[in-house]
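>>> Structure for this input, please:
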Amino acid sequence: MLCTNSYEILRSENGLRTLQYQGSLEPKKINERQHNIVVAWDIFMQSYRNISMDMCYLVQQMPADDTFWPFFNEKIYPMSANEKMRYMDIELNLDPFPK
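Sure thing, here's the model as predicted:
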């Protein structure tokens, strides 16, 4: 999964247009800490997802700054649907972007 909670990315012109971000006016309906989850915007599915922290492995992290959009435009945006599915199914310790 490729996700973010960065409002800098999500509320930007690119985030609203390209990532189809739709902010919610309602407060969160679940206590994330109590249920050990994180609610984040899924960039591929273009909606919010609840992510269980019980079985979560962070494969890669990048800063929510000006490096995101070049990465997205060069690596993510050109992917076919099949490539996106393969990306989401990566196993631990595998490079999501092999050379």
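
>>> low-scoring stretches of this structure, by residue?
Applying pLDDT under 70 to the chain picks out residues 90-99.

>>> which stretches of it form helices?
Taking DSSP state H as the test, the helices found in the chain are 7-10, 13-17, 32-35, 68-71, 81-88.

>>> Out of these, which one sits most buried?
helix 7-10 (a mean of 16; mean count of other Cβ atoms under 10 Å). Bear in mind the C-beta positions are built from the backbone N, C-alpha and C, glycine included.

>>> Can I get it as CSV, trimmed to CA atoms?
Provided in CSV are the C-alpha atoms of helix 7-10 (Å, rounded to 0.1, in the frame of the first residue of the first chain):
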residue,chain,number,x,y,z
TYR,A,7,-2.2,17.4,4.5
GLU,A,8,0.6,19.3,2.7
ILE,A,9,0.4,16.6,0.0
LEU,A,10,-3.3,15.8,0.1
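
>>> what's next to it, contact-wise?
By Cβ atoms under 8 Å, 6 or more residues apart in numbering, the list of residues contacting helix 7-10 from outside reads 4, 15, 16, 19, 21, 23, 41, 64, 65, 68.

>>> Out of the residues you listed, which sit inside strands?
Counting by DSSP state E, those place 4, 41 in strands.

>>> Same list (the contacts of helix 7-10) but as JSON lines, adding distance to residue 34.
Shown next, in JSON lines, are the contacts of helix 7-10 (distance: Cβ to Cβ, whole Å):
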{"residue": "4", "distance to residue 34": "23"}
{"residue": "15", "distance to residue 34": "29"}
{"residue": "16", "distance to residue 34": "31"}
{"residue": "19", "distance to residue 34": "28"}
{"residue": "21", "distance to residue 34": "26"}
{"residue": "23", "distance to residue 34": "23"}
{"residue": "41", "distance to residue 34": "21"}
{"residue": "64", "distance to residue 34": "26"}
{"residue": "65", "distance to residue 34": "31"}
{"residue": "68", "distance to residue 34": "30"}
